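Undergrad: Got a predicted model here, sequence first, then my questions.
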Amino acid sequence: MFKDRLDRVALFGGSFDPPHFGHKAVVEEALKKLDIDKIIIVPTFLNPFKSISYLSAKERLGLSKQMFKTFQNVLVDAYEVEEGKPTPTAQTLKYFQKKYDVKYLIIGADNLNSIDTWYNFEWLNKNITWAVATRVGYTITSNKLRAFKLLEVDADISSTEIRNKQLKENS
């Protein structure tokens with residue numbers, strides 16, 4: 001049998017440095033709230049706004065695969081890691097649009113202040129709906145986004161907090 005349509009997906013990219021239960025909570029909420037067939041997790045090789053990462057790209061990819069392996073409708077994809085360089089979200093979206101009907105880009109509320117500095121933001125904003133995950137300490141007010149859906153997530157954790165805690169424990 002041939003499929004009569006492409007799978008509807010949401011892309012959830014990020015450093016995942018390291019992946020944690022907050023990322024898992026975002027995925028669980030997105031699977032409940034968004035009209036999609038699957039979520040594609042895309043760990044970065046290196047976040048275009050950062051110069052280093054705590055864990056290597058391969059480590060973050062492996063940990064992400066481990067975290068989401070029990071999720072039936074979640075795929076962790078190595079596209080950006082295999083690019084071997086910082087990859088703009090617009091390039092990643094164009095890549096996945098060849099295979100899927102990409103409906104959403106999932107972002108955290110902490111990205112809203114600088115979202116318009118993303119490479120090719122206007123094109124991104126015109127071509128998808130944003131799925132914005134709430135985050136403690138960040139308000140969701142944005143006149144920058146053409147269309148967005150809110151993902152109510154109560155997890156109060158960040159990768160930075162986890163790294164800082166690990167650094168303290170190891171020193």
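TA: That came in fine, so what should we check first?
Undergrad: can you give me the helices for the chain?
TA: Taking DSSP state H, the helices of the chain run over residues 21-33, 57-68, 79-83, 89-97, 121-127, 159-170.
Undergrad: Select, out of those helices, the one closest to Arg146.
TA: Among the helices of the chain, helix 121-127 comes nearest to Arg146, with 4.9 Å by C-beta to C-beta. C-beta here means a position set from N, CA and C on the backbone, and glycine is covered the same way.
Undergrad: any idea of the mean pLDDT for the closest one?
TA: Per-residue pLDDT values over helix 121-127 give a mean of 96.
Undergrad: Need the helices of the chain in JSON lines (columns: mean neighbour count).
TA: Below are the helices of the chain laid out as JSON lines (neighbours: other C-beta atoms under 10 Å):
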{"stretch": "helix 21-33", "mean neighbour count": "18"}
{"stretch": "helix 57-68", "mean neighbour count": "18"}
{"stretch": "helix 79-83", "mean neighbour count": "18"}
{"stretch": "helix 89-97", "mean neighbour count": "18"}
{"stretch": "helix 121-127", "mean neighbour count": "15"}
{"stretch": "helix 159-170", "mean neighbour count": "12"}
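Undergrad: In CSV, list the ones you listed along with distance to Ile40.
TA: Converted to CSV, those look like this (distance: least, C-beta to C-beta, whole Å):
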stretch, distance to Ile40
helix 21-33, 11
helix 57-68, 10
helix 79-83, 9
helix 89-97, 7
helix 121-127, 16
helix 159-170, 19
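Undergrad: Identify whichever of the ones you listed lies nearest to Leu11.
TA: In terms of C-beta to C-beta, the element of those nearest to Leu11 is helix 89-97, at 6.1 Å.
Undergrad: That closest one - contacts with which helices or strands?
TA: With contacts taken as 3 or more C-beta pairs under 8 Å, 6 or more residues apart in numbering; DSSP states H and E, helix 89-97 sits against strand 8-14, helix 79-83, strand 101-108, helix 121-127.
Undergrad: of all the helices of the chain, which lies closest to Ile41?
TA: helix 57-68 (5.6 Å).
Undergrad: for the closest one, the distance to its chain's centre please.
TA: Relative to its chain's centre, helix 57-68 lies at 13 Å (C-alpha atoms, centre = their mean, to the nearest Å).
Undergrad: Next, the contact list for Asn47, please.
TA: Contacts of Asn47 were listed using C-beta atoms under 8 Å, 6 or more residues apart in numbering, and they are Gly14, Ser15, Ser53, Pro86.
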